[in-house]
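Participant: missing the sequence, but the structure's below:
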C-alpha cells in the first residue's frame, strides 16, 4: 500500500538503509531496514522476535560500529543475556564496552494505582538517556505492547506510542519494535498503525510435528523488497534467512568440465565429466554405492584443491570416513586440510525449509565449489514441498557455480520412481545405479539417463566397488540384454570356447585342403612324368628311324658304288 | 486505635517518606505537587517528607527506580513500597493508594 507521493519523496531522498547483518534478510530488503525509522517486527509467541531484534543490535555493534539500546518490557537483562548466549552473543562484554545498553522496564499491573492524568515521559527519558550514554544508532523496544497490560487507559497509551515513534524518528535511530501477533491483525493492540515504514512478520508453523520458522516482509514503504515467505533459522550460529532464490534462470554457466572422480565414468560422458555448476542426480537402489560415488566425487574435488561441502543425512561423518576407507578413499586428510566439510543431520531434525536455510547458510559461509547431498530421498514431506526445496537448493548452487551432486535412494526397482521423476527436470545429469539379479547373484549396473549439453554412453555398464576405486567392466550386451557377473563370465567363457572351436575347424579344413592340394599336385606330377616318358620314347623312335634311313642311304650308295665299279 | 506493636520505634512510627517523580515543570507536574502537599497537610500533618525528583535533570533515576509514567508518587516508607501514578487529582484514590484511612482522627 505505497502511495505514489511517498515513492516520489523517497526516491528524491534516496532511502538509506541500515544493514541488519542477518544473512539473507539484507538481500530480501535490498540493504537492510529503513535507517532512522522504526520497523515493526511482529509474530506469535516463540517465533524468535527477541532473538531477531537482539541480533540486529549485536551485529550493529560488532559489524557496523553502531551502538544499540535494548529496552525490554518483558525479560530481565540477566535473562536476556543468558538466552542469547546460546547464539554466541556476549552481551555483558558489549555492555561493558559501551556498545549496548539494556534497560528492563518492569511492569507490575498489580502495583499500579492511578489517580489523575499521567504520561509516559519517563520512557522517553530512559530511552534518551540510554541512547546518549552510548551514542546509539539502533534501538529495540521488546515488546512495548506489554504496556497495554499494565495501563488501562488506552487513549493515553496510544497517544504516547504515536509520540514515541515520532520521537524515535526525530532522534534518527533505526528502531525495531516487536509486537505479539493478534487475532485478525498484525499485533494484539494494533500498534502497526503507528509503525508504518516497514513491517516484518515472523511465523512459526508446525507441520508433521516439525516446525518451520518463516519470515515475510508485509510492507516496506518506499523500497522494493522480496514478497515471499522466507524460511529462517535460529541456531548456534545466529539468525539466517533464506533469501529469494532466483527463479529467473539467469545463472552464469560454465563450459568447464569437472571429472566425476571415477575415470571409467568420465569415459561414459562425452566431455569426460560433469559441467561445472551443473546439478547431478545419482539415483539408485540400496547398496548400489551411491555414497561411494559421492565420496569419489568429493575426493576428486579436494584433490584438485577445491572445497567440497558434504551434507550427510544418513551417516555421521566418522562413519562415512571409516566406510570410505574400505573403498580406498582417504577423506580424513581432506577434512584435516579444511577442504572437505561434513554437515550431518537427521532429516527429521528440522523441516525442509530449515534444512534448506541451514544448507544455504553453510554454503554461503564455506563457499565450496562442490556440494554433495546424500541423499535427497531422506527428506520426508509433501512431494511438492520437497520438489520446491530441491529446486531452490539446486538454484542456490547454480547461482554460485557450485557443482551439486545429489543422491537419491530409489525404493522400487524401476529407476523412475515418483521422487526421481519429480526432481529429474531440475537435474542436468542423471545417473542411475541399479542391480540385476541373475542366476543367484546381484550385480551392480549403471547407466547415464541423461546429461544435458553433452553426448553420453547409452550403455548399461556393470561396475564393481573395489578397494582401488570404482571399476566399470566393458559392456556386454547379448541377445537377452546386459549380462553381468557370473553369467557374464560364463558367456565370455562360452564365447572363448566357440572361438577356439571355430579356429580349430578352420585349421582342420586348411589341413585338408593342403593335403588335397598335395594329392592333386602329385597326380599332376605323375601324369606329367608319364607324358614326358612317352615323349622321350617317341623322340627315341624318331631318332632310330632317321638312323636307319641314313644307314640305308649309306648302304645304297655303297651298293651303287660297288655296282658302278662293276659296270 | 493505634497499632503500637507494629513499629518498635515510636519516633518513626507512622512517618511517611514520599517521593514524587516528575519530568519538567509541566502543568501535570505542578498539579501533582500541589495536590500532594494538600493531601499530606490534611491527613499526615507533621509526619511526612516529600522529595520531588525531576527526571529531566536526573534521567538515570528513571531506569534505576523503574519509573514508567509521570507523575509517579512512591511511598518509600512505611513499607511496603507503594506507587501511584497521575496528577493525584483524585484524593480518595491517593489515600487508598497510600494506605491512609480517610476520616481517621489524628492521634
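Facilitator: Received it, and whenever you're ready, just let me know what you need. It should be emphasised that the depicted structure is a prediction, and the values quoted were computed from it without experimental measurement. Residues are numbered from 1 along each chain as shown, chains lettered A, B, ... in the order given.

Participant: what residues does chain B put near chain A?
Facilitator: Residues of chain B lying near chain A by C-beta under 8 Å from any C-beta of the partner chain: B:21, B:23-24, B:28, B:31-32, B:35, B:55-56, B:59-60, B:62-63, B:66-72, B:82-91, B:93-94, B:96-97. C-beta here means a position set from N, CA and C on the backbone, and glycine is covered the same way.

Participant: Could you tell me the model confidence score at the closest residue to chain B within the stretch 351-500 of chain A?
Facilitator: Across the stretch 351-500 of chain A, no residue is closer to chain B than residue A:361, which sits at 36.8 Å (C-beta to the nearest C-beta). For residue A:361, the pLDDT comes out at 84.

Participant: Return the residues in contact with it.
Facilitator: By C-beta atoms under 8 Å, 6 or more residues apart in numbering or on different chains, the contact set of residue A:361 is A:23, A:24, A:233, A:237, A:240.

Participant: Show me what the third one is bridged to.
Facilitator: Pointing back at residue A:233 there. residue A:240 (DSSP bridges).

Participant: what's around it, how many residues?
Facilitator: Using other C-beta atoms under 10 Å in any protein chain shown, residue A:233 has 24 other residues around it.

Participant: Next, the contact list for it, please.
Facilitator: Counted by C-beta under 8 Å, 6+ apart, residue A:233 has contacts A:213, A:239, A:240, A:241, A:242, A:350, A:354, A:357, A:358, A:361.

Participant: Can you turn the buried part of those into a PyMOL selection?
Facilitator: To isolate the buried ones among the contacts of residue A:233 in PyMOL, judged by 16 or more other C-beta atoms under 10 Å in any protein chain shown, type:
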select buried, chain A and resi 213+239+240+241+242+350+354+357+358+361
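
Participant: quick one: which of the contacts of residue A:233 sit in strands?
Facilitator: In this view, the contacts of residue A:233 that belong to strands under DSSP state E are A:213, A:239, A:240, A:241.

Participant: Tell me the one of those residues nearest residue A:172?
Facilitator: Nearest to residue A:172 among the ones in strands among the contacts of residue A:233, counting by C-beta to C-beta, is residue A:239 at 25.0 Å.

Participant: check contacts around the closest one.
Facilitator: Residue A:239 sits next to A:22, A:23, A:25, A:48, A:51, A:52, A:55, A:87, A:232, A:233 when contact means C-beta under 8 Å, 6+ apart.

Participant: same thing but at 6 Å, please
Facilitator: Counting by C-beta atoms under 6 Å, 6 or more residues apart in numbering or on different chains, residue A:239 makes contact with A:22, A:52, A:55.

Participant: So which of those is surrounded by the most neighbours?
Facilitator: residue A:52 (27 neighbours).

Participant: all strands for chain B, in order.
Facilitator: B:16-22, B:48-54, B:72-77, B:82-85.

Participant: Name the stretch among those that sits most buried.
Facilitator: strand B:82-85 (a mean of 24; mean count of other C-beta atoms under 10 Å in any protein chain shown).

Participant: ok, that one: who's next to it in the sheet?
Facilitator: Here, using DSSP bridges, strand B:82-85 pairs with strand A:112-114 (parallel), strand B:72-77 (antiparallel).

Participant: could you give the angle of the longest one to strand B:48-54?
Facilitator: Okay, so that is strand B:72-77. Taking axes from the mean of the first three to the mean of the last three C-alpha atoms, to 10 degrees, one finds strand B:72-77 and strand B:48-54 inclined to each other by 140 degrees.

Participant: could you give the angle of strand B:72-77 to strand B:16-22?
Facilitator: Strand B:72-77 runs at 160 degrees relative to strand B:16-22, counting by the same axes, to 10 degrees.

Participant: which of the contacts of residue A:233 lies closest to residue A:285?
Facilitator: Nearest to residue A:285 among the contacts of residue A:233, with distances taken as C-beta to C-beta, is residue A:350, at 27.3 Å.

Participant: Okay, that closest one and residue A:306: tell me how far apart.
Facilitator: Going from residue A:350 to residue A:306 by C-beta to C-beta, to the nearest Å gives 28 Å.

Participant: quick one on the thing from earlier: export the strands of chain B to TSV and tack on mean pLDDT?
Facilitator: Formatted as TSV, the strands of chain B follow (pLDDT from 0 to 100):
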stretch	mean pLDDT
strand B:16-22	91
strand B:48-54	91
strand B:72-77	88
strand B:82-85	88
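
Participant: In JSON lines, list those along with distance to residue A:553.
Facilitator: Below are the strands of chain B laid out as JSON lines (distance: least, C-beta to C-beta, whole Å):
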{"stretch": "strand B:16-22", "distance to residue A:553": "182"}
{"stretch": "strand B:48-54", "distance to residue A:553": "184"}
{"stretch": "strand B:72-77", "distance to residue A:553": "182"}
{"stretch": "strand B:82-85", "distance to residue A:553": "182"}
